[in-house]
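Chemist: Build me a model from this:
(one chain, ligands or ions: 2)
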Amino acid sequence: MKTGEVVKVSGPLVIASGMENANVYDVVEVSEDKLIGEIIEMRGDRASIQVYEETTGIGPGDVVATTGAPLSVELGPGLIEQMFDGIQRPLKALQVEAGDFLEKGATVEKLNREKVWEFVAKKKVGDKVSEGDVVGVVQETPVVLHKIMVPYGVSGIIKEIHEGAHTVADTVYVLETKDGNKEFNMIQKWPVRRGRNYQRKIDPNTPLVTGQRVIDTFFPITKGGTAAIPGPFGSGKTVVQHQLAKWADAQIVVYVGCGERGNEMTDVLMEFPELIDQKTGESIMKRTVLIANTSNMPVAAREASIYTGITISEYYRDMGYSVAMMADSTSRWAEALREMSGRLEEMPGDEGYPAYLASRIAQFYERAGRVICLGSDEREGALSVIGAVSPPGGDVSEPVTQSTLRIVKIFWKLDYDLSYKRHFPAINWLDSYSLYQTKMDKYLDGEVDEDFSKNRVRAMALLQEENALQEIVRLVGRDSLSDEDQLKLEVTKSIREDFLQQNAFHEIDTYCSLEKQSKMMKVILKFYDEGVVALKNGAYISEIESMDIREDIARAKNTPEESLVKLDELGVKIEEEMKKLTKEVL
Ligand code: ADP
Ligand code: MG
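Modeler: Ligands and ions are numbered 1, 2, ... in the order given. Next comes the predicted model:
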C-alpha cells in the first residue's frame with residue numbers, strides 16, 4: 001500500500017502530500033487509526049480528502065494510505081433489517097441516538113460474515129450464464145427472496161454450484177470464464193457513485209400506492225418515479241417520509257436519515273418492527289434497510305449515506321423488485337457539499353453552493369426509474385426516490401429546492417401555514433403537482449373506479465374556485481354569495497378537512513386504500529350534487545349547512561377498510577336526507 005502524509009487538517013477535510021499514486025475517488029485510510037476518507041481532488045501529489053469520521057487528533061505527519069479502490073458497498077444477503085451508517089458500517093440503535101461511538105477507523109465488516117444462509121441453486125452445472133442471471137436464491141427474510149445474481153461484466157459456464165448452508169463469504173458457484181475458472185460468493189461490491197447497470201428504462205405507468213389521500217388522488221407517484229418534499233421545519237417532511245416507508249406498496253424500502261435528528265431514526269427503530277404489513281402479515285422491518293447519518297454524526301458522511309442508500313436500492317431493483325428510497329433530508333447532503341467546497345476554496349455558486357450542485361442532484365435522481373434488469377429473464381424492477389428538502393425558512397426559490405424541482409417529476413409542497421393550522425399532511429393542493437397524473441388517471445380509472453379522475457378533476461376545480469369565493473366573502477360578506485356558491489364553500493371545506501387532512505397517528509386513518517379514497521371522494525361530491533338539486537327544489541342553504549349527515553361525512557375517513565360498503569350507504573343516505581329538504585311546490 002502506497003502512503004503519503006497529512007499536511008493540513010480542516011474539519012472533515014484533510015490534505016495529504018506524497019499521494020502521486022492515488023486517484024480521485026480512491027478510498028484512503030488516514031493515520032494509524034485508519035480513519036476512512038475519500039479523495040475528492042488531486043493536485044500534483046496533493047490529495048484533498050473528505051474524511052468520514054471525526055478528525056480530532058489527526059495532524060501533520062500522520063500517515064495516509066490509499067486503498068486504490070473507490071468508495072463501495074457490499075451487496076448480498078443481510079442488508080434487510082439492518083441499520084448502517086453513511087459508509088455502510090452496521091449500527092446499533094443506541095449509537096444513532098448518542099452519536100458515532102464506533103471505534104475510530106473501526107474495521108467492522110459491512111455484511112455479517114458469521115450468519116449462515118440457505119442457498120438454493122437456480123442453475124446447474126453446464127448452464128451458460130452472464131451478468132444479471134440469477135444463479136440461486138436465499139430467503140433473506142420471510143418476505144424477501146434475495147436473488148444471487150452474476151455480477152456485472154461476468155459470463156461463463158457453471159462448473160460447480162453449492163446448494164446448502166453458507167455464509168456470504170463462502171464460494172457458492174464457480175464459473176468457467178474466458179479468463180479461467182472463477183469462484184463467486186454471495187457478496188458483490190459496487191462503487192457507490194456509479195449507477196448500477198440495467199438493460200433499459202421503461203415507462204413508469206403503475207402507481208406506487210402510498211395510502212395517503214392527498215398524494216394518491218391528487219399528486220400520485222409511480223413505481224420508478226421521483227418526488228421532492230420541500231417544506232420548512234416542522235411542516236411534516238419527516239412524517240410524510242415515515243408514512244411512505246410504512247405504507248407505500250413497495251417490496252423493499254430503503255430509508256436514509258441524512259443530517260436530521262438522531263431520535264427520529266431511533267423512533268423508526270422502535271416503531272417499524274411493531275408495524276405489520278397487511279399484505280404479508282410480517283413486520284415492515286422485514287423489507288426495510290435503514291441508513292443513518294444523523295446530525296450528531298460526521299458531516300462528510302452525509303454525502304456518502306445518500307449514495308450508499310441508492311446503490312443498495314438499485315441492487316434490490318436489479319433483482320426485479322419495486323423499491324422505494326426515502327432521503328431525509330437532501331438539503332443536509334447539499335450543505336455537506338457546500339462545506340467541503342468552501343474548505344477546498346472552490347469558486348462558490350448560488351448561495352455558496354458549489355457550481356456542480358445541480359448536476360450532482362440530477363445524477364442522483366436519474367438513478368431512479370422503472371427498468372428491464374440485466375439477466376436473460378427480462379425481469380422488471382423499479383426504484384422510486386422521494387427526497388425531503390429543507391429550504392431555510394421554507395423559501396423554495398433557494399438553490400437546492402430549485403435544482404431538485406428541475407429534475408423530479410413530483411412536487412409535494414409543504415406549507416408552514418397549513419401545518420400551523422394543523423392541516424396535515426400540510427401539502428399545498430394548489431402549488432403541488434405530479435407530472436405522472438395523466439398516466440395514473442388511466443390506471444385509476446381502469447382499476448379503481450371509472451370516474452376516479454373525473455371526480456378528482458371536479459374536486460380540484462372546486463378547490464381552485466374556493467380562494468376567489470373566500471376573497472369575496474372577506475370583502476363583502478358571505479351573504480353576498482349565491483346559495484350555490486355558499487354550498488361550494490361548504491363542500492371545499494369538506495374536501496380539505498374530510499379528505500385532504502389525514503391523521504398519520506390515527507389507527508385507521510393512517511392508511512387509506514385507493515378504493516376508500518375513491519368512495520370518500522364520491523360521498524363528498526354526492527353531497528355537493530344533491531345539495532345543488534335540493535337548492536333548486538327550494539331548500540335553504542342554512543338547512544343544508546346544518547345537516548347532521550355532515551358529521552357522518554367527517555367521520556368517513558375512520559371507516560375500516562373492511563366496511564367500505566358503509567360509504568356507499570352513506571351516499572344513499574345523503575340522497576334521502578337532501579330529498580327531505582325539498583319544498584312542496586304547489
Ligand atoms: P419536519 O420534518 O418538516 O420538520 P415533522 O415531520 O417532524 O416536520 O412534523 C412535525 C410535527 O407535525 C409532527 O411531530 C406531528 O406532530 C405533526 N404532523 C406532521 N404530519 C402529520 C400528519 N400527517 N398527521 C398528524 N400530525 C402530523
Ligand atoms: Mg424532519
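Chemist: which residues in the stretch 1-150 of the chain form helices?
Modeler: With DSSP state H, counting those that start in this stretch as the definition, the stretch 1-150 of the chain shows helices at residue ranges 93-98.
Chemist: mind showing which ranges of it have poor pLDDT?
Modeler: Residues of the stretch 1-150 of the chain that meet the criterion pLDDT under 70 lie in 1-2, 93-94, 96-107.
Chemist: Let's see that with 80 instead.
Modeler: 1-2, 92-108 (pLDDT under 80).
Chemist: so which strand or helix has K442?
Modeler: K442 belongs to helix 437-447 when elements are defined using DSSP states H and E.
Chemist: now G381
Modeler: G381 is part of strand 380-389 when elements are defined by DSSP H and E.
Chemist: what lines up beside that strand in the sheet?
Modeler: The sheet places strand 380-389 alongside strand 226-230 (parallel), strand 322-328 (parallel), strand 369-372 (antiparallel), with pairing taken from DSSP bridges.
Chemist: quick one: which of these is nearest D203?
Modeler: Nearest to D203, of all those, is strand 369-372, at 7.1 Å by Cβ to Cβ. Where C-beta positions appear, they are placed from N, C-alpha and C, glycine not excepted.
Chemist: ok, which stretches of the stretch 151-300 of the chain are strands?
Modeler: 155-161, 164-166, 173-177, 180-184, 188-191, 200-202, 226-230, 252-258, 288-293 (DSSP state E, counting those that start in this stretch).
Chemist: could I get those as JSON lines with distance to ligand 2?
Modeler: What follows is the strands of the stretch 151-300 of the chain, written out as JSON lines (distance: least, Cβ to the ion, whole Å):
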{"stretch": "strand 155-161", "distance to ligand 2": "45"}
{"stretch": "strand 164-166", "distance to ligand 2": "41"}
{"stretch": "strand 173-177", "distance to ligand 2": "44"}
{"stretch": "strand 180-184", "distance to ligand 2": "41"}
{"stretch": "strand 188-191", "distance to ligand 2": "29"}
{"stretch": "strand 200-202", "distance to ligand 2": "31"}
{"stretch": "strand 226-230", "distance to ligand 2": "10"}
{"stretch": "strand 252-258", "distance to ligand 2": "9"}
{"stretch": "strand 288-293", "distance to ligand 2": "13"}
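Chemist: my guess is E465 is in a helix, correct?
Modeler: Yes. Residue assignment for E465, taken from DSSP: H, G, I helix; E, B strand; the rest coil, places it within a helix.
Chemist: Excluding sequence neighbours, find me the nearest residue to it.
Modeler: Counting by Cβ to Cβ, 6 or more residues apart in numbering, K488 is the residue found nearest to E465 once chain neighbours are left out, at 6.4 Å.
Chemist: Shouldn't the one you found be within a strand?
Modeler: No. When the secondary structure is assigned by three-state DSSP, K488 falls in helix instead of a strand.
Chemist: so which helix or strand takes in A534?
Modeler: Following DSSP H and E, one finds A534 within helix 514-536.
Chemist: Quick check: mean pLDDT of that helix?
Modeler: Per-residue pLDDT values across helix 514-536 average out to 97.
Chemist: which parts of it are buried?
Modeler: With burial defined by 16 or more other Cβ atoms under 10 Å, the residues of helix 514-536 counted as buried are 514, 516-532, 534-535.
Chemist: Only alpha carbons, please: show whichever helix or strand comes after it as CSV.
Modeler: Moving toward the C-terminus from helix 514-536, the first helix or strand encountered (DSSP H and E) is helix 541-545. As requested, C-alpha coordinates have been extracted for helix 541-545 and formatted as CSV (Å, rounded to 0.1, in the frame of the first residue of the first chain):
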residue,chain,number,x,y,z
ILE,A,541,-78.7,26.9,2.3
SER,A,542,-78.8,27.2,6.1
GLU,A,543,-80.7,23.9,6.2
ILE,A,544,-78.0,22.2,4.2
GLU,A,545,-75.3,23.7,6.3
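Chemist: counting contacts, what elements does helix 541-545 pack onto?
Modeler: Packing contacts for helix 541-545, counted by 3 or more Cβ pairs under 8 Å, 6 or more residues apart in numbering; DSSP states H and E, involve helix 483-494, helix 514-536, helix 565-581.
Chemist: For whichever helix or strand comes after that helix, what is the distance to the chain centroid?
Modeler: Moving toward the C-terminus from helix 541-545, the first helix or strand encountered (DSSP H and E) is helix 549-555. Between the centre of helix 549-555 and the centre of its chain there are 34 Å (Cα atoms, centre = their mean, to the nearest Å).
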